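Peer 1: Sharing a model prediction with you, sequence too.
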Amino acid sequence: YGPAPEVPVEDRGSGNCARQVRNFASADAFECDKLITVEVITPGGNWSSYPPHKHDENRPGEETELEEIYYFEIDGPNGFGYQRVFPSREGGSEVLAEVRSGDAVLVPDGWHGPSIAQPGHSMYYLNVMAGPGTERQWRICFHPDHTEGYR
């Protein structure tokens, strides 16, 4: 248990990639065996989970193997967003999903991002991740085609 006022909150990204991350059970903010969980608030019209990234291989010091679930809530009765998942290797997952409140997207493998919020409708999503590793770590690899000029 951790009181809400003690949850580390971080502003991530800038411009139309700005979002707020509530690290209530991130890899370094909460004692847990396997789960890594954060909340993300993306303002209407913004992108988050960008640049696309992956964490589907165990490469010590570089990448941690983690499956992930995104659970969405969209502000307003007609609000929606999009979630992109694409293969990192032959036969991998390929999804471009329109998401609305109550929807979930499973990311078993592959590159994922962006999560896109409809203009005028902020997007909330709960990220829940877990993997087979003995250490609870969140190490990701950014897609090389999408990092130029982003940082």
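Peer 2: Looks like it came in fine. Numbering: from 1, shown residues only.

Peer 1: just the strands in this structure please.
Peer 2: For the chain, the strands defined by DSSP state E cover 9-12, 19-25, 36-42, 47-48, 53-54, 67-74, 81-86, 95-99, 104-107, 111-117, 123-130, 141-142.

Peer 1: mind checking how far the residue sitting nearest the centre point of the chain is from Pro5?
Peer 2: By CA atoms, centre = their mean, the chain has its centre lying nearest to Ser49, at 5.2 Å. Taking CB to CB, to the nearest Å as the measure, Ser49 falls 26 Å from Pro5. For glycine as for every other residue, the C-beta is placed from the backbone atoms N, C-alpha and C.

Peer 1: And for the residue lying closest to His143 once chain neighbours are set aside, the neighbour number?
Peer 2: In space, and not counting its chain neighbours, His143 is closest to Pro52: 4.2 Å by CB to CB, 6 or more residues apart in numbering. Residues lying near Pro52 (other CB atoms under 10 Å) number 22.

Peer 1: again with Gly81
Peer 2: Look at Gly81: counted by other CB under 10 Å, it has 29 neighbours.

Peer 1: Gly92 too?
Peer 2: Neighbour count for Gly92, taken as other CB under 10 Å: 15.

Peer 1: Also Phe80?
Peer 2: Neighbours around Phe80, by other CB under 10 Å: 17.

Peer 1: quick one: it and His121, what's the gap?
Peer 2: The value you get for Phe80 to His121, if CB to CB is used, is 7 Å.

Peer 1: hey, what's in contact with both of these two?
Peer 2: Ile74 (CB atoms under 8 Å, 6 or more residues apart in numbering).

Peer 1: wouldn't Glu39 be in contact with Ala25 here?
Peer 2: No - with contact defined as CB atoms under 8 Å, Glu39 does not reach Ala25; the gap is 9.4 Å.

Peer 1: quick one: low-confidence parts of this structure?
Peer 2: Residue ranges of the chain with pLDDT under 70: 148-151.
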